[in-house]
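Q: Just the structure for this:
(chains A and B)
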Amino acid sequence: MDVSFILVILLFGAAATWFVGDKLASKAALIFSTAALAATLYVIYRYNQGAPVSFIYLWNQSPRIFLGFQADGLSLTMTLLTTALTPIIVFSSFGNLFPKTRAFYALILFMAFAMVGTFLSVDGLVYYVFWELSLIPIYFIALIWGSGTAEERKKSVIKFFIYTFAGSLFMLVAFVYLYQRTGSFLNLHLYKAMLTSTEQTWIFAAFFLAYAIKTPIIPFHTWQANVYQKAPTAGTMLLSGIMLKMALFSIIRWQLPITPWAANEYKYIVIGLCIAGVIYGSILALKQTDLKKLLAYSSLAHVGLIAAGAYTLTLDGLRGAFLQMIAHGFVVVGLFFAAEVINRRFETGEISGMGGIRVQSPKFTSMFMILVLASVALPGTFNFVGEFEVLYSLAQSNIWFAVIGGTTIILGAFYMLRMFQQVMLGEKNEKFFADVTVSEGAVFVIILAVLLFFGLYPKPITDFITPELEKVLVYINRFNK
Amino acid sequence: MDILIAIAALGIICLIAEIFNLRKAIVPVTIIGLFAVLGHAVYKAKFGTTLLSFELDENQYFNMVVSDKYALGFSSLFILLTIFLVALTPDFHKEHKPKISDFVAIKLFLLTGAIAMVAFGNLSMFFLGIEILSISLYVLAASEPKNVKSNEAGMKYFLMGAFASGILLFGIALIYGATGTFDIPSIKALSTTDLPSWYTIGCVMVFIGLLFKIAAVPFHFWAPDVYEGSPALTTATMSTLAKVAAMASLFKMITTLNPHLAGYITCINVVAVLSMIVGNLIALRQTNVKRMLAFSGISHAGYMLLSIHFTNFADAQGNLLYYAAAYAFAGIAAFAVVLSVCGKKGNEEVYNFNGLGKTNPLLAGVLTCALLSMAGIPIFSGFFAKFFLFSQILAKGQVTLVIFAVISSIISVGYYFKLIIAMYTKDSTEKVQPVPVAYTTVAVTAIALNIAIGLVPSLVMGLIR
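A: Residues are numbered from 1 along each chain as shown, chains lettered A, B, ... in the order given. Below you'll find the predicted structure:
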């Protein structure tokens, strides 16, 4: 059993979910996504045993394209993140009644398939195909099942699609150019392409456009808040929990090793943009009155910091970014799920319409509190480990980056706790707030367990990814001695 | 030559069948016959020989028709497209049952014209081909005599087309005047020597005539009106079969004739870039689906024009065939859906598609796939077509052209998605109409072929390389 098996399960699951009909769709989706998670765990186990789990197949002779899926520490971690979050996302949607249920769940699984493909591909073109493929399901999920009036939703969704499509097309041109230079799309061959500084600059810029739009990094972020708010919660979770990690992962997997000279040359500009995003996201989050929008802007701030860590080109930065990606994936899914839980009961996204939940629902309040604390990177949670390493690496490259980036922790604590106060505390709300159901509680417990466990004991993950990151660093440092 | 004869004979059989009152057999017989010819053409392209016990010696026809891999590959594509178009005919012309034989026969003659346009070895054969194709199209465009718009379309197309044919013929005459021959290999051999200046003028006129046929900017003004006015099935024929045929022969012309003119490649680049950008920009503002697809076709012609930049000739031919196939299959699928949605309504405005995602999810899915393919989203072959094309142009070092092509692709997403959004977010106001089986079958088969050649590009490429 190799990694391609995970993809097969997800793709087959998407088809099966569609065919079993509306009634059983949600259960089928849960079964198949859990099966994919089990398969991932088994593959990781086999990988640790030293068994070959990669998959490669020559798909097209001219131009040479390999259907190659490589299993290494980085791609397997991201695959695990995806397959672990997918059942959670599927399960968290159980409480909602959607029209056309089977299409909804089939699209979620299809999206997971595309994202896992993106993480595993070694061939630039196959990677690009999966990258684009993941856009189609999220487009339909946000368009058909989103909230708000159809007109507004249409506008924000199409803006999102055109933005990301535009960015990735330039990445495609970069890949095609690299193919002309090296005669291969395989990442190891591309790493070894000795590009001149001009070439590196342009290719770096093309990649940066694609990733900056997807992440998003300022000034390419304008699609984000509206789509997060308009999409159904499952879509927002997919977007913020996994899909934007595709961009962060790709920075480490593709952009930095291929164009190390340019990455070093423009390091300060890029980190500057990322840090600007951190500040901007935090300040805007302060002013939001809509809970999902507030979380969207706080997510903008967090991913800005992750991207900044990756662009420092140090081991600490890369590792911190990687850990933070996983931690952020879980935390943001948990927070958006909490927003959904409130929305199910109060049927509003406005913070002013909430408040006084604690009196009615102590269980929910304490779980939400831990999530909020994890989000502001309290020591003891998983987010602290990553955030600390990222800030440390920023301090190494320039102390001011760390100082400015560090203010977000303060700002973040301020707006998150204020939000908590407004949403949960205060006089008892007139509307009735039933305490979390068992299935809702289960979602929170799983997420919190992951966050706390790895917050106290991150060693399994750091041990798993560090050797791979060191290999990446070798390619990065080749040009920059 | 054998293919040409077989198809022309099939057309005549159609007409005779009508006389003997065998109307019901016309469409099945034609489709079976076309499949047989398709098999023959594909076999010949792949293995170089035929399964027939006798061989027609091409030399007997004084090199009028050549059957190289390029010609055979494109002929196969044309035959396949005609099969789809013929399959759509009986349901589309339900009210004119007695005329079925005419409609089918004209499509077959159109196909002979299209094949002559890619298989020519002689300029006179080329001209015969383009005229047979054009005259068939004039008739089809005006085939709804009681509809003013159809009359207008036929008249406009005829006037503009006749003018373009005149220019083309003048060009051929000038080339003949300069070289003393219509034979393509002889012209190619002579074109490296010193030729009188009217040879250059002749070449340019031939190119212009063909650019008119593929509706490249600035020779595109006829296209939107003619596309909108013609019966929808004719529009489907024009925008898939006719456009691809003209494109294939233009490619053959450009790579064969050497016009002794510095900078003519730059001119073609400008035409290609203008076609892409202008076609897509104007398409953004259309509310009529047929007009929108017309402008989208203009932009696709621009992409295909870029294929004249190549480092490896066989690869470039393969890429062009691949692009043409991807575009034409998506086009056929899209038009099959347009026919089934707008068939009885008399107009093709976007609002007709409201709520199709609910009323007929299958057709909505097919149209979505077709539009995504045209926009160049992966796994559909439209993406791989663009990818192969971009690789080919970048290998030649034309980065600027690729950037323009990319920008135009981004613009095109805007209007393709307009239709998708109408299908999925708006609600239908009308009752659900039953859809003829033929429409659904053609739509699904065409999109399945589109995806199949996307997953296995060698299906198409293997015909030429």
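Q: Quick check: residues of the stretch 51-200 of chain A near chain B?
A: Neighbours of chain B within the stretch 51-200 of chain A, by CB under 8 Å from any CB of the partner chain: A:60-63, A:125, A:128-129, A:132-133, A:135-136, A:140, A:143-144, A:150, A:153-154, A:158, A:161-162, A:165-166, A:169-170, A:172-173, A:176-177, A:179-180. (Glycine included, C-beta is placed from N, CA and C.)
Q: what's the following helix or strand after the helix or strand containing residue B:243?
A: Using DSSP states H and E, the element containing residue B:243 is helix B:243-256. Going down the chain from helix B:243-256, the next helix or strand is helix B:264-283, by DSSP H and E.
Q: other SSEs contacting that following helix?
A: Judged by 3 or more CB pairs under 8 Å, 6 or more residues apart in numbering or on different chains; DSSP states H and E, helix B:264-283 is in contact with helix B:197-213, helix B:289-305, helix B:399-425.
Q: for chain A, what are the nearby residues on the stretch 1-150 of chain B?
A: Close to chain A, as judged by CB under 8 Å from any CB, the stretch 1-150 of chain B has no residues.
Q: Just the closest residue of the stretch 1-150 of chain B to chain A, please.
A: The stretch 1-150 of chain B approaches chain A most closely through residue B:69 (15.6 Å), counting by CB to the nearest CB.
Q: what packs against the helix holding residue B:243?
A: By 3+ CB pairs under 8 Å, 6+ apart, helix B:243-256 packs against helix B:69-92, helix B:100-119, helix B:123-141, helix B:184-190, helix B:197-213, helix B:289-305, helix B:313-342.
Q: Chain A contacts on the stretch 201-350 of chain B?
A: Near chain A, when you scan the stretch 201-350 of chain B using CB under 8 Å from any CB, you find residue B:315.
Q: pLDDT weak spots in the stretch 201-350 of chain B?
A: Within the stretch 201-350 of chain B, no stretch has pLDDT under 70.
Q: OK, now which residue of it is nearest to chain A?
A: residue B:315 (7.2 Å).
Q: That residue: how many residues sit nearby?
A: 20 (other CB atoms under 10 Å in any protein chain shown).
Q: How about it: what's its closest non-neighbour residue?
A: residue B:392 (6.6 Å; CB to CB, 6 or more residues apart in numbering or on different chains).
Q: wait, isn't that neighbour in contact with residue B:313?
A: No: counting by CB atoms under 8 Å, residue B:392 sits too far from residue B:313 to count as a contact (10.8 Å).
Q: Mind checking which of those two has more residues around it?
A: For residue B:392 versus residue B:313, neighbours defined as other CB under 10 Å are more numerous around residue B:392 (25 against 10).
Q: who touches residue A:317 in this structure?
A: Residue A:317 is in contact with A:308, A:309, A:310, A:311, A:389, A:390, A:393, A:394, A:396, A:397, counting by CB atoms under 8 Å, 6 or more residues apart in numbering or on different chains.
Q: re the thing from before, quick one: closest of the helices and strands packed on helix B:243-256 to residue A:279.
A: Proximity to residue A:279, assessed across these by CB to CB, is greatest for helix B:289-305 (41.7 Å).
Q: hmm, back to that, in JSON lines: the helices and strands packed on helix B:264-283, plus distance to residue A:33 and mean neighbour count.
A: Formatted as JSON lines, the helices and strands packed on helix B:264-283 follow (distance: least, CB to CB, whole Å; neighbours: other CB atoms under 10 Å in any protein chain shown):
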{"stretch": "helix B:197-213", "distance to residue A:33": "52", "mean neighbour count": "22"}
{"stretch": "helix B:289-305", "distance to residue A:33": "38", "mean neighbour count": "27"}
{"stretch": "helix B:399-425", "distance to residue A:33": "25", "mean neighbour count": "20"}
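Q: now those as JSON lines including distance to residue B:41?
A: Below are the helices and strands packed on helix B:264-283 laid out as JSON lines (distance: least, CB to CB, whole Å):
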{"stretch": "helix B:197-213", "distance to residue B:41": "23"}
{"stretch": "helix B:289-305", "distance to residue B:41": "21"}
{"stretch": "helix B:399-425", "distance to residue B:41": "31"}
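Q: give me the beta-bridge partners of residue B:120?
A: With DSSP bridges as the criterion, residue B:120 is bridged to residue B:65.
Q: just checking, it touches residue B:184?
A: Yes: using CB under 8 Å, residue B:120 is in contact with residue B:184, at 7.0 Å.
Q: mind checking the SS state of the residue in chain A sticking out farthest from the centre?
A: Here chain A reaches farthest from its C-alpha mean at residue A:430, the gap being 36.7 Å by CA atoms, centre = their mean. The assignment at residue A:430 comes out as coil when based on DSSP: H, G, I helix; E, B strand; the rest coil.
Q: And for the one 3 residues further on?
A: With three-state DSSP as the basis, residue A:433 sits in coil.
Q: about what we covered before: mutual contacts of residue B:120 and residue B:184, please.
A: Common neighbours of residue B:120 and residue B:184 (CB under 8 Å, 6+ apart) are residue B:66.
Q: which one of the two has more residues nearby?
A: Neighbour count, other CB under 10 Å: between residue B:120 and residue B:184, residue B:120 has more, with 25 against 20.
Q: Run through the residues that contact that one.
A: B:64, B:65, B:66, B:126, B:129, B:184, B:249, B:252.
Q: so which of the residues you listed comes closest to residue B:17?
A: Looking across the contacts of residue B:120 and measuring by CB to CB, the closest to residue B:17 is residue B:129, at 25.3 Å.
Q: that older thread, mind putting the contacts of residue B:120 into CSV with distance to residue A:240?
A: As requested, these are arranged in CSV below (distance: CB to CB, whole Å):
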residue, distance to residue A:240
B:64, 65
B:65, 61
B:66, 59
B:126, 59
B:129, 57
B:184, 61
B:249, 52
B:252, 52
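Q: And the residue of the stretch 351-465 of chain B that's closest to chain A?
A: Closest point on the stretch 351-465 of chain B to chain A, by CB to the nearest CB, is residue B:378, at 3.9 Å.
Q: helix, strand or coil for that residue?
A: coil.
Q: What is the neighbour count of it?
A: 26.
Q: for residue B:326, same thing?
A: Neighbours of residue B:326 under the rule other CB under 10 Å: 28.
Q: my guess is it contacts residue B:385, does it?
A: Yes: under the criterion of CB under 8 Å, residue B:326 makes contact with residue B:385 at 4.1 Å.
Q: Can you give me the neighbour number for residue 281?
A: Since no chain was named, I'll use chain A. 28.
Q: You answered for a different chain; I wanted chain B.
A: With other CB under 10 Å as criterion, residue B:281 counts 16.
Q: Just list the residues touching it, thanks.
A: Applying CB under 8 Å, 6+ apart, the residues near residue B:281 are residue B:411.
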